[in-house]
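Asker: Here is a sequence together with a model predicted from it:
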Amino acid sequence: MKLLLVLGIALLQTEVTNAQSSATLPQEGMPYVSPASSASSSKSTGFDKTVFPITDLKFVGLGLDAKMGTGFCLDPECRYIGTNYHVAMMTHLRNIKGQRIVKRYLATGPMDENATVNDGPYTGPMKYTLSKDLAIFELGHSVPEYRGVEFSLEELETGQEVDIYAYPKEGINPFRSLLRFHGKFEGETSTGLLAFDYTLSGDKAIRPGASGGVVVDSKTGRIVGILNAVAHNGEAVALAVPVQSLVDFVSKVQPSLGQRIFPTPTGVPSNSADLYPKLVLPSSGVGLQHRPEESSEIKLLRMKAQLLADSMRDLIAVQSFTWGSGNKQPAALAAYEVRVVDGYQRFRKYPDGKTELEEVPLPFLNNAIIPAKEWSELPNMVGAELGLKIRHTADVLINERLIKVFQYQGDQEDHVCRFETIMDFGFFVASKAITIGCYGEVWTDENTNILRMSEHYELSGRWTEYQAVVTYSWLRRKDEAPRLIPLTISTQANLNKRVYWCHGRFTDYKEFASRVRILSGKSVDGSPAVTLTKLDERVVKPQ
């Protein structure tokens, strides 16, 4: 159980953008990422090649204006750098660790639905959503010798021990050291931030400049939050943006990256291959009424599949897409709000599209594939198509978890699988739908709740070897029963000996959201709430 902490927050914010946009990078000033000093006060021994200081220096008259923050490697290659939104808006960086910044992504801004004005003592007010205080810098090349670490999506327990790694400001010296602060999880604030009590690092507290540091589970070494605030009244309380907010953000702006670096809540990898060769069963040659009765396990699977399909007939979510070929970087990306009403799917460009579309438009590429409704059609097919032949095969352990595996097969004459090709000639579009043979696997937990479904089409035209993989996860909301929802979808097919792929992820299930109002400046027991301030400040150093 999580403790709800009601905290009055005084933070900072300025400019508008959203998780789908990339902002133009300013060119003024003399920005750079400062090197760490040689001081060794309670330093990390494993995160000095993951976390680093961000400093934007600019001469102002006879003084030096320094805006400070902290950044961290988001991916294993350290080509994407994570930090806070307010750090990105406060600094004007052109490169990080000698690598040119090619794009900046912001997770929030003043136009967010839940944005609030957050003020701090060192900068003017900024309007944004506190629980989305995140930004990403995409670099032209990876930072040599630096690396990202793993993330954890496990729910934190009260009292769980963590370590905080950041570069707080030390006096007027712009050169800083990486410090480690030990802490314990206390609960979640009314604004969706994680709160931690922490102990001093030597005699040093978390100070301005530490924003964008990481909070790491002490036992596993995995990141659980991104540091963004401390208690204003001097109490040793640090706040952090949950990793789940980072997952949602990255999944919108770089879905392929998100699938690669974040674990799935169920432990089933989103890009996992089937475990067994294609199921081949002899054709019975008789009608359904003469087929052998299915086992109780398969009957239960069909029932669970139909319940899953029925539960997704009405939903609203954001579905992100990336397209590419082979092992290349994504060539195109997009995000759409998907609305499913009574089973019919409609799309609007995210975040501010006005036109409702029946299908996701093809990207401006010579060849591309677009997922259909495999996330809902596959459960419906397994649940309702009695012509589909299913077999319960050997169970496996994946990430120390028991996974039940079912294989299915549908012949062309069973009429259970259909495939559509679309030829866009510019002046007109031609499409063709055919009935084909198909096969795949269904993975479930020990209670036969579906976690993953795959589908392979036996194509013989220009496109061959089409396959789709959909993963599902539990959505848990306060005062609501847990329910399975689609999490990721990956599709690929071959054309002229080249593999074309599309990866997607679902986020922001609005119809299930529990909207929580920010309470008045009182804590749960009626005492004054803790006042917070940002961890960054402006330093003027005489020349």
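Answerer: Nice, I can see it.

Asker: which strands and helices sit next to the helix or strand hosting residue 346?
Answerer: Using DSSP states H and E, residue 346 sits within strand 344-349. Here strand 344-349 is seen to pack against strand 332-341 when contacts are counted using 3 or more C-beta pairs under 8 Å, 6 or more residues apart in numbering; DSSP states H and E. The C-beta positions use only the backbone N, C-alpha and C, and glycine is treated the same way.

Asker: For the strand it packs on, C-alpha coordinates in PDB please.
Answerer: Output in PDB follows, covering the C-alpha atoms of strand 332-341 (Å, rounded to 0.1, in the frame of the first residue of the first chain):
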ATOM      1  CA  ALA A 332       9.400   7.500 -39.500                       C
ATOM      2  CA  LEU A 333       7.300   7.900 -36.400                       C
ATOM      3  CA  ALA A 334       3.900   9.100 -35.400                       C
ATOM      4  CA  ALA A 335       1.300   8.900 -32.600                       C
ATOM      5  CA  TYR A 336      -2.400   8.800 -32.700                       C
ATOM      6  CA  GLU A 337      -5.200   8.800 -30.200                       C
ATOM      7  CA  VAL A 338      -7.200   5.700 -30.800                       C
ATOM      8  CA  ARG A 339     -10.800   5.500 -29.900                       C
ATOM      9  CA  VAL A 340     -12.600   2.100 -30.000                       C
ATOM     10  CA  VAL A 341     -16.400   2.300 -29.600                       C
END
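
Asker: Tell me the gap between it and the middle of its chain.
Answerer: Using C-alpha atoms, centre = their mean, to the nearest Å, the mean C-alpha position of strand 332-341 is found 16 Å from that of the whole chain.

Asker: sorry, back to before: could you give me the average pLDDT of the strand holding residue 346?
Answerer: Per-region confidence: strand 344-349 scores 87 on mean pLDDT.

Asker: buried stuff in that strand?
Answerer: 345, 347, 349 (16 or more other C-beta atoms under 10 Å).

Asker: so how far is residue 258 from the second one?
Answerer: What it means is residue 347. Residue 347 sits 20 Å away from residue 258 when distances are taken as C-beta to C-beta, to the nearest Å.

Asker: Kindly report the same for the last one.
Answerer: Summarising the geometry, the distance separating residue 349 from residue 258, computed by C-beta to C-beta, is 20 Å.

Asker: which other residues reach the strand holding residue 346?
Answerer: By C-beta atoms under 8 Å, 6 or more residues apart in numbering, the residues outside strand 344-349 that reach it are 319, 334-340, 354-360, 373, 376.

Asker: Buried members of those residues into PyMOL, please.
Answerer: Of the contacts of strand 344-349, the buried ones can be selected in PyMOL as follows, counting by 16+ other C-beta under 10 Å:
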select buried, resi 319+334+335+336+337+338+339+340+360+373+376
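
Asker: How is the residue positioned nearest the centre of the chain assigned, secondary-structure-wise?
Answerer: Centroid check for the chain by C-alpha atoms, centre = their mean gives residue 247 as the closest residue, at 2.0 Å. Taking DSSP: H, G, I helix; E, B strand; the rest coil as the rule, one finds residue 247 in the helix state.

Asker: got the contact list for it?
Answerer: Applying C-beta under 8 Å, 6+ apart, one finds that residue 247 lies in contact with 151, 153, 258, 262, 507.

Asker: ok, residues contacting the helix or strand encompassing the third one?
Answerer: The one in question is residue 258. Under the criterion of DSSP H and E, residue 258 resides in helix 255-261. The set of residues that contact helix 255-261 without belonging to it, under C-beta under 8 Å, 6+ apart, is 74-76, 80, 148, 151, 247, 250-251, 270-271, 320-322, 324, 330, 333, 488, 490, 503-505.
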